[in-house]
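# A structural model of the following input is requested.
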Amino acid sequence: PEWRTIEVSSTGPIAIWVDGRHSGTFTDVSYMEPVSHRIRVRLGSGETPLLIATWQVAFREVRHVARVAIHGLPVRVVIPSPGADERASAIAEAVLESVSVESWATPAGVVRLRGPRGAALRVSVPGRPDVAVNLGDGQAELSLASTPDAHGEEPDAHGEESASMLRTGETTLAVRVDDDRCPVVRSLPVALLPTSVRAHPVGSDPALWRREVLEHAAAMGPSVARALAALDTGGALRSDDLASALSMVNGRADCADFEAVGLLNLWHALPDEAAWPTGARDAVRSALLGFKYWIDQPGLDAMCYFTENHQLVFHTAELLAGEAFPEDRFSNTGWSGAQHLGHARPMVLDWIRAKLRGGFSEFDSNAYLAIDTLALTSLTELSSDVEIREAAEVLLDKMLFSLAANSWHGIHGAAHGRSYVTTLRSSRFEETGPIMWALWGAGTLNSATLPATALARSRRYQLPGLIRAVATDFESPWWGRQVYAGAYSFELDLLSRPYGSDVRVWKTTDAMLSSAQDYRSGLPGLQEHVWGATLGPEVQVFATYPPSMSSSPSARPNAWAGQRVLPRARQHRDTVLAIYPDRAPLATHVWFPTPFMDETVERGGWLAGRVGSGYVAVNAAGGFEAVHAGETAGQEWFPRGSGNAFVATVGSRAEDGSFEDFVRALAEPTFAAPEEGVGVTWIARDGRRLALVGNRSFTVDGVAVDLGPDGRPETDVHLDNPAVSMRFGDDVLEAEYRGHRLVLDIDGARRKVATAWAEGDGRHAG
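Residues are numbered from 1 along each chain as shown. Below you'll find the model as predicted:
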């Protein structure tokens, strides 16, 4: 018997019993990190049962954490499991510690497991019987091609979703030793990659690309998107296409607002009731009349209103429903459709005008730019209000211009205000992929079909030729800057403070590098992707400071999306420096997916890789150590040193010669001494001296880059790239690129001049 201190930590209420005696109840609630409590107890000799009870507190998409630590002399911890053998389970644990997958993602539906030679494993795959796998020579292949969804998606209760926010892009392998005495298990998330991916357009006819998107959507699982696509591909509306949307709208589930807009698109597309299955049109009408369109309207729900994209989608749904049913009485509010229209219209216009002037808080989100596209396209196509249509069209132009400027070979590789783990690991899961395919023929066809389907079916909206020219110029070097600024309001965002981002994008034929400059550095980050280098769909290199090792989308921030504390990141053309000034112990890590690279090398502190003729290299003090087990083996790397500062740079054969020449030219950075604070200085391959130390100015050759030509802080830049130069407060956006011109009246929310690409022949017309 001996005294110990038991530390219990939780994000919600928790109680503990030691040896049958209640030892404490704690009612604290926290958000990102658990609250800890300590209890002094005397453990008797032998076995002492420890019982923990928690009460889930339902913050939206926040992981529930409960953990226990025993302080003092070590104790043996055993989790009871009926029928288990402790010695056999210990051996199984040691075996599973060495099991890995060759790569997290597979384009062929085959996963290669690796581990100790001769190990007999049992693998569970969702929707299939367990599979016996023997690692006779230390590896074995497992086919996932017959899983219920061959598009790289895990089956769920909603069926095929219209957008992937509710889906992870993964399926999870549960791996055990094939012995009933050993209940221990390792969960290995793996992704089946969508196979329809293009780095360059095929042909020059946008009508063909749109047709390909519609045929893809029509071939997917049941959804409103499939129903809409079927109208243009010779199909018909089926009842099962409505089931998920009606369930979500009637149940007021998270993301039901997306489905409500989808149903309104279908309502307009099929005005003839005879084209609907029996009772289906009445069911849609009833669902739309009973929906809750804003938080101040009656009824309970599980919907999120307090993010930028949801605001627009709710307002769009309410406006279009009000226009569709002006005389009807809406059962939830008792209002007429005309009253709902009057409620939504000013909110739609206020939202659009604010984003036209200052841009988005969810800057370049590869998830939510797609949802904004769905709403703006629906307003442009379906609203009878000319002012609404014109304003939506202009914002759609400006937003799609940012997508074109900040993407590369069909990859939306920019820094993102909000993103998810699977899209950071593989661009094939980006919701913007099908949109790019529909508009300029490069991207990916995946399960995020509803926004792209609405855009592919559009008749009023025509993409300006300048945007397509920017998106499809893969040869010209691009150094761009995009600054967004605005203010949150508590009533809409649950926040009262300014927001802002300063995104830099460097693109060449062979590589892309992007970052958000000093984005809220030193503060916690929810889902931000601050910096990253891109050489291919599965080769996105970046570092994070994770608050947890979960990669689940229900944990925000998690291992790869968001940060415990955001870094200072500063970029000059082909190089980014990032420092983490947090005083807490650091455990940063890097995503550097060597299985998808053609060549890799470690030299000094550098970890370098080649994909085709593109190069990337990243450095931290002491270099890096690879993870050798699990789903991130050979893809996740930990700094050997403090991990508080990074240098990342990209190059190419055309600029740097051979890959060997590129690596040889990489000078070792100088990392700041502890008494100097956190910082790094590096001399680039062309002789530029880049320095980022503590809170001092980022300098290039000793010159502070944040100062304008007059030596004063430069704060009024809005857009600055090879196509456009625009300042905050300018009433007009004027862009020119490769013979195209686009003029947008930002103040009046009207398109003034746009060169259009004539569909069907690839020619340009004014």
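
# Tell me where the protein is predicted with low confidence.
Along the chain, the parts satisfying pLDDT under 70 run over 57-62, 145-168, 583-585, 756-766.

# if you set the cut-off to 80 instead, what comes out?
Confidence mapping of the chain against pLDDT under 80 gives the ranges 31-32, 56-64, 145-169, 554, 582-586, 674-675, 755-766.

# Show me the contact partners of the longest helix seen in it.
In the chain, assigned by DSSP state H, the helix with the most residues is helix 337-358. Residues outside helix 337-358 that contact it (Cβ atoms under 8 Å, 6 or more residues apart in numbering): 293-294, 311-312, 315-316, 318-319, 321-328, 330, 333, 335, 376, 379, 385, 387-388, 391-392, 394-395, 398-399, 484-486, 728, 746, 749. The way it works is simple: take the backbone N, C-alpha and C, and place the C-beta from them, glycine included.

# which SSE is residue 142 in?
For residue 142, the enclosing helix or strand under DSSP states H and E is strand 139-143.

# What strands line up against the next helix or strand after that strand, and which way round?
Counting by DSSP H and E, the next helix or strand C-terminal to strand 139-143 is strand 171-177. Within its sheet, strand 171-177 is paired with strand 119-124 (antiparallel), strand 186-192 (antiparallel), according to DSSP bridges.

# and the angle for the longest one with strand 139-143?
To tie it back to what came earlier, the one meant is strand 186-192. Using axes from the mean of the first three to the mean of the last three Cα atoms, to 10 degrees, the direction of strand 186-192 lies 60 degrees away from that of strand 139-143.

# Which positions within strand 186-192 qualify as buried?
Applying a neighbour-count criterion of 16 or more other Cβ atoms under 10 Å, one finds 186, 188-192 buried in strand 186-192.

# Distance from the chain centre to stretch 377-395, please.
Distance, stretch centre to chain centre, for stretch 377-395: 27 Å (Cα atoms, centre = their mean, to the nearest Å).

# Mind listing what's buried along it?
Buried residues in stretch 377-395, counting neighbours by 16+ other Cβ under 10 Å, are found at 377-383, 385, 388-395.

# among those, which two are most distant?
Pairwise distances among those were taken by Cβ to Cβ; the largest, 16.9 Å, belongs to 382 and 394.

# Look up phi and psi at residue 487.
phi -140, psi 140 (degrees, to the nearest 10).

# can I assume it is in contact with residue 499?
Yes: with contact defined as Cβ atoms under 8 Å, residue 487 and residue 499 form a contacting pair (6.9 Å).

# of these two, who's got more company?
Of the pair residue 487 and residue 499, residue 499 is the one with more neighbours under other Cβ atoms under 10 Å, namely 20 against 14.

# List the beta-bridge partners for the more buried one.
Under DSSP bridges, the residues paired with residue 499 across the bridge are residue 486.

# From residue 358, how far out is it?
Summarising the geometry, the distance separating residue 499 from residue 358, computed by Cβ to Cβ, to the nearest Å, is 9 Å.

# Find residues that contact each of these two.
Counting by Cβ under 8 Å, 6+ apart, the contacts common to residue 499 and residue 358 are 484-486.

# Which of those has the largest number of neighbours?
Ranked by neighbours (other Cβ under 10 Å), the shared contacts of residue 499 and residue 358 are led by residue 484, which has 23 neighbours.

# That residue: which element?
Using DSSP H and E, the secondary-structure element containing residue 484 is strand 478-487.

# can you give me the helices in the stretch 551-700 of the chain?
653-656, 659-664 (DSSP state H, counting those that start in this stretch).

# picking that back up, name the nearest of the shared contacts of residue 499 and residue 358 relative to residue 739.
With Cβ to Cβ as the yardstick, the closest approach to residue 739 among the shared contacts of residue 499 and residue 358 comes from residue 484, at 28.5 Å.

# Now do that closest one against residue 359, distance only.
Residue 484 sits 3 Å away from residue 359, taking Cβ to Cβ as the criterion.

# Overlap in contacts, the two.
Shared between the contact lists of residue 484 and residue 359 (criterion: Cβ under 8 Å, 6+ apart) are residues residue 501.

# how much space between the nearest residue to residue 107 once chain neighbours are set aside and residue 296?
With Cβ to Cβ, 6 or more residues apart in numbering as the criterion, residue 107 has its nearest non-adjacent residue at 4.3 Å, and that residue is residue 193. Between residue 193 and residue 296 the distance, using Cβ to Cβ, works out to 43 Å.

# Buried residues in stretch 195-210, which are they?
By neighbour count on 16+ other Cβ under 10 Å, the buried set for stretch 195-210 is 196-198, 201, 204-206, 209-210.

# got those as a markdown table, with distance to residue 652 and secondary structure columns?
What follows is the buried residues of stretch 195-210, written out as a markdown table (distance: Cβ to Cβ, whole Å; DSSP: H, G, I helix; E, B strand; the rest coil):
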| residue | distance to residue 652 | secondary structure |
| --- | --- | --- |
| 196 | 27 | coil |
| 197 | 21 | strand |
| 198 | 21 | strand |
| 201 | 22 | coil |
| 204 | 26 | coil |
| 205 | 31 | coil |
| 206 | 30 | helix |
| 209 | 28 | helix |
| 210 | 33 | helix |
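
# what would those look like in a markdown table with distance to residue 722?
Shown next, in a markdown table, are the buried residues of stretch 195-210 (distance: Cβ to Cβ, whole Å):
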| residue | distance to residue 722 |
| --- | --- |
| 196 | 30 |
| 197 | 26 |
| 198 | 24 |
| 201 | 20 |
| 204 | 22 |
| 205 | 26 |
| 206 | 23 |
| 209 | 24 |
| 210 | 27 |
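
# quick check, nearest of those residues to residue 609?
Nearest to residue 609, judged by Cβ to Cβ, of the buried residues of stretch 195-210 is residue 197 at 19.8 Å.

# Give the bridge partners for that closest one, please.
residue 444.

# still on that earlier bit, switch the shared contacts of residue 499 and residue 358 over to CSV; also include distance to residue 82.
Conversion of the shared contacts of residue 499 and residue 358 to CSV gives the following (distance: Cβ to Cβ, whole Å):
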residue, distance to residue 82
484, 56
485, 59
486, 57
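
# Confirm for me that residue 300 is in contact with residue 253.
No: under the contact definition of Cβ under 8 Å, residue 300 does not touch residue 253, with a separation of 11.7 Å.

# and those two? which has more neighbours close in?
Per other Cβ under 10 Å, whichever of residue 300 and residue 253 has more neighbours is residue 253, with 17 against 7.

# The more buried one: which element?
Residue 253 belongs to no helix or strand when assigned by DSSP H and E.

# gap between it and residue 554?
Between residue 253 and residue 554 the computed distance is 15 Å (Cβ to Cβ).

# Same check on residue 634?
When Cβ to Cβ is the yardstick, residue 634 and residue 554 sit 26 Å from each other.

# Which one of these two is surrounded by more residues?
For residue 634 versus residue 554, neighbours defined as other Cβ under 10 Å are more numerous around residue 634 (21 against 12).

# What sits closest to the more buried one if chain neighbours are left out?
In space, and not counting its chain neighbours, residue 634 is closest to residue 594: 4.8 Å by Cβ to Cβ, 6+ apart.

# quick one: contacts for the one you found?
Shown here is residue 594, whose contacts under the criterion Cβ under 8 Å, 6+ apart are 600, 609, 626, 634-635.

# buried sites along the longest helix of the chain?
With burial defined by 16+ other Cβ under 10 Å, the residues of helix 337-358 counted as buried are 337, 340-341, 343-345, 347-349, 351-358.
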